[in-house]
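Asker: quick one, fold the following:
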Amino acid sequence: MNRFGGPGDGLDLTNGATEVFVEVMMLAVSALAREPFQYRFAALLAAQDQNMVGRGCVGFDLDEVAWGTTAEERAGVRDFILSTVDLAAREHRWDELGYEPPHAQGYLRRFRHMVEAFDPARAERAPGRGAAPDDDALAMCVRHRVLALAEWHGYCAFCTR
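Answerer: Predicted structure coming up:
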């Protein structure tokens, strides 16, 4: 079981459900990321590729998101994450998945609710969390047009299926 933690029960997903969640979120975040803090969130999502990390051992807590230090920064990060979830929920590029993700909308609703309920000011108390990746931490998978971790030689969640 993979866990995405936050307020309430969090989001506990099977390996298959995690793959679906990560893939639909990667399609959306890759379309939206433009600023360093947005790429940090994309890197956190990309790091959830079970085929690279190991099945059943991925997930993150919302404390691990790089929320920033000011109320304005935290609001910007929250808005970006919610925009990413909303784009994914509008089935952005789902026609490219090669399968029908029947439960993805439910995962996205639950994750959106967690982000809305999360108090990012408490994340400041978690030293070392949400550290910025190196400048070359992300690469674009040309074949699938999604962001990937450069340390994985640009292989994205779709390449490693």
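
Asker: from here on, contacts and neighbour counts on C-alpha atoms
Answerer: Will do.

Asker: from residue 76, how far out is the residue nearest the centre of the chain?
Answerer: Nearest to the mean C-alpha position of the chain, by CA atoms, centre = their mean, lies residue 45 at 3.1 Å. Look at residue 45 and residue 76: by CA to CA, to the nearest Å, they are 18 Å apart.

Asker: returning to what we had before: same question for the helix or strand where the residue nearest to the centre of the chain lies, mean pLDDT?
Answerer: Assessed by DSSP states H and E, residue 45 sits inside helix 36-46. Mean per-residue pLDDT for helix 36-46: 93.

Asker: which elements pack onto that helix?
Answerer: Applying 3 or more CA pairs under 8 Å, 6 or more residues apart in numbering; DSSP states H and E, we find helix 36-46 packed against helix 15-32, helix 71-89, strand 146-149.

Asker: please pull up the helix or strand immediately following the longest one.
Answerer: Taking DSSP H and E as the definition, the helix or strand that follows helix 71-89 towards the C-terminus is helix 104-117.

Asker: give me the residues contacting stretch 85-95.
Answerer: If you take CA atoms under 8 Å, 6 or more residues apart in numbering as the criterion, stretch 85-95 is touched by 24-25, 27-28, 104-105, 108, 111-112.
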